[in-house]
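Participant: Turn this into a structure:
(one chain, ligands or ions: 1)
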Amino acid sequence: MTGKDRYRRTYPVSWDQLHKDSRALAWRLIDTGQRWDKIIAVVRGGLVPAAIIARELDIHYVDTVCVSSYTLKEQGELKIIKSIEGLNGENALIIDDLVDTGKTARIVRQMLPHAHFATVYAKPDGRPYVDTYVTEVSQDTWILFPWDSEIQFIEPLIQQKP
Ligand SMILES: O=P(O)(O)OC[C@H]1O[C@H](OP(=O)(O)OP(=O)(O)O)[C@H](O)[C@@H]1O
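Facilitator: Prediction:
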């Protein structure tokens, strides 16, 4: 299934919730007992969680891999826009906002095979490709991130058509 048909529900995440969930991910990472000295953010969705994790884990080295797989809700071809040279992922933590089908995680793991892969949110198909995550949502849920949304007026429920 491709495109909008894949999503039957929406899970809106506010900035506050994203901050709390990213801090919860930081706690979970600390609880593994492992320690890392580098963060690799998967651009773009991983940028904000990576900044929060870098602060909580006191990591000052942050780099990026740039991969794009979606055009809004339409699943498109996966493109590597920027890779990483000279690292195998040792002592590195890869951070993304979400693992959905797992396509992005699989390709980033190939670039950095020794890294620990962590996401804030995970769907069942992508879960096997992450080492640590916080919240699972169903495969047919569209996670509406705060950077993709705005607060706006809506009609009273009674005036909305079914
Ligand atoms: O598990 P997958 O099916 O690969 O999906 C997860 C990826 O999709 C989103 O990125 P997207 O490609 O939308 O790019 P963006 O973060 O730049 O918006 C998200 O940030 C993950 O990187």
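
Participant: any idea which element residue 161 lies in?
Facilitator: Applying DSSP states H and E as the criterion places residue 161 outside every helix and strand.

Participant: any idea how far it is from residue 155?
Facilitator: 9 Å (CB to CB, to the nearest Å). For every residue, glycine as well, the C-beta is placed using N, CA and C.

Participant: more neighbours, those two?
Facilitator: When residue 161 and residue 155 are compared for neighbours, residue 155 comes out ahead with 8 against 4, by other CB atoms under 10 Å.

Participant: Can you tell me the SS state at the more buried one?
Facilitator: coil (DSSP: H, G, I helix; E, B strand; the rest coil).

Participant: Need phi/psi at it.
Facilitator: phi -70, psi 150 (degrees, to the nearest 10).

Participant: Mind pulling up the pLDDT for it?
Facilitator: The model reports residue 155 with a pLDDT of 92.

Participant: Identify the residues contacting it.
Facilitator: Remark: with contacts taken as CB atoms under 8 Å, 6 or more residues apart in numbering, residue 155 is in contact with nothing.

Participant: Just give the closest residue to residue 143, not the sequence neighbours.
Facilitator: Spatial nearest neighbour of residue 143, excluding adjacent residues (CB to CB, 6 or more residues apart in numbering): residue 11 at 5.0 Å.

Participant: Name every strand pairing with the helix or strand containing the one you found and say which way it goes.
Facilitator: Here residue 11 sits within strand 9-12, counting by DSSP H and E. Here strand 9-12 has these sheet partners by DSSP bridges: strand 141-144 (parallel).

Participant: pLDDT on the strand it pairs with, on average?
Facilitator: On average, strand 141-144 scores 98.

Participant: So which bits of that strand are buried?
Facilitator: Residues of strand 141-144 classed as buried: 141, 142, 143 (neighbour count, 16 or more other CB atoms under 10 Å).
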